[in-house]
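A.B. asks: got a sequence here, can you build the structure:
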Amino acid sequence: MGQTEPMGLYVHIPFCKAKCPYCDFYSLPADEAAMDSYVAALLRTMAHSPHTGPFDSLYFGGGTPNLLGAERLIGLAEGAFAHFDWADRPEVTLEANPGSLTPQALAALRAGGFNRISIGVQSLWDSELALLGRLHTAREALEAVRAAEQAGFGHISCDLMIGLPGQDMTHIAHSVAALSATAVDHLSVYLLKIEPGTPFYTRYAEPDPDAQADLYLGTVAELEQAGFTQYEISNFARPGGESRHNRKYWKLVPYLGLGPSAHSFVGGQRCFFPHSLEDFLAANNPFELWQTDGAGGGLEEYVMLGLRLTEGVELIKLAPLAPNGDLDSRLRPLITAGLARIEGGRLALTPRGFLVSSQVIGYLLG
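C.D. replies: As a prediction, this is how the structure comes out:
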């Protein structure tokens, strides 16, 4: 696959103040000494990278990246800009939790080159935040959004979680209305999943799929009315607010991930660092730990990832999925059921189709 646009660079920060009871991501308790050692390990990793770009997006995810503090984060960003090649005006994103953001830190980060922030709001109902084990209040979340705007962040994204026990559209509409009255230009909306091995798995039954479907479709409508256009199964943006970095994942643009549990797609291969902070810190060249997870970028991935986007996939590339040459007959049941649409030579899922995307993709690839 030829590279048609700059790569994305992802830096994983695995530290959290506390583990949320629904989370199954790789994260560890924050510790000052460990964070210092981790920054040094990431800088060693950058220096040894076999891939140098060019990049046009830098994304710090986690975990709770802002726990590193502005000084460490700016040092990592400066290291990335020193070790790699960059296109003009890169997008530099930081994931952050509201309760640990200060105006001073936000101002320093903005001055240090960060221009986009993704804030883990999750809800603007305090009872829902307590249920989720979040350490911030609704008031603190809105204060963090306003502080990011005042610090000069041109792009502000917020996460919302739907399908919570006892949640209804009144709660969701309240959160959407409050956020749409701010400078937020991007919202990521996630349906709660009860993952095995998490505290939620022992506390709650699996959410009712019909109730979750109603909440998802209601949220899509609420966001559209508030001026947020859906461009991916879980992501909505005002004009110009789409995430440049995340679009690379769905459009099979190469990206490099650094840190334990971070994944990459480079040179047509899927690669990853193992889930071990201890091994990562001990390695003089952490790329010696890098493992290959097989080839990527084929037709199956194109369909699975491309159908997450509202722009969908090119019909001409789906021809191999109809060995008899009759692609129209294969797609017609999806169109008739209101799960997909064809427009401009592309197949795309509708909001109802997104709800059953796994089944639709299984049907197409079967």
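
A.B. asks: helices of the protein, start to end?
C.D. replies: With DSSP state H as the criterion, the chain has helices at 32-48, 70-83, 103-111, 126-131, 138-151, 169-180, 199-203, 209-225, 244-250, 277-282, 299-306, 327-336, 351-355, 357-365.

A.B. asks: could you check the pLDDT of the spatially most distant residue from the centre of the chain?
C.D. replies: In the chain, the residue that sits farthest from the middle, by C-alpha atoms, centre = their mean, is Asn324; the gap is 37.8 Å. If you check Asn324, the pLDDT there is 82.

A.B. asks: for stretch 181-189, give the mean pLDDT please.
C.D. replies: Rounded to a whole number, the mean pLDDT of stretch 181-189 is 98.

A.B. asks: run me through the strand neighbours of the longest strand along the chain, direction for each.
C.D. replies: Longest strand of the chain, by residue count under DSSP state E: strand 86-96. Using DSSP bridges, the neighbouring strands of strand 86-96 in the sheet come out as strand 55-62 (parallel), strand 116-122 (parallel).

A.B. asks: redo those strands as JSON lines? Include mean pLDDT.
C.D. replies: Compiled in JSON lines, the strands paired with strand 86-96 are given as follows (pLDDT from 0 to 100):
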{"stretch": "strand 55-62", "mean pLDDT": "96"}
{"stretch": "strand 116-122", "mean pLDDT": "96"}
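
A.B. asks: looking at these, which is buried most?
C.D. replies: Between these, the one whose residues have the most neighbours on average, counting mean count of other C-beta atoms under 10 Å, is strand 116-122 (a mean of 26). Using the backbone N, CA and C atoms, a C-beta is placed for each residue, glycine as well.

A.B. asks: the inter-axis angle of that one versus helix 138-151?
C.D. replies: Here strand 116-122 runs at 170 degrees with respect to helix 138-151, directions being taken by axes from the mean of the first three to the mean of the last three C-alpha atoms, to 10 degrees.

A.B. asks: tell me the gap between strand 116-122 and the middle of its chain.
C.D. replies: In terms of C-alpha atoms, centre = their mean, to the nearest Å, the centre of strand 116-122 is set 11 Å apart from its chain centre.

A.B. asks: quick one: that strand to helix 103-111, angle?
C.D. replies: Compare the direction of strand 116-122 with that of helix 103-111 by the same axes, to 10 degrees and you get 140 degrees.
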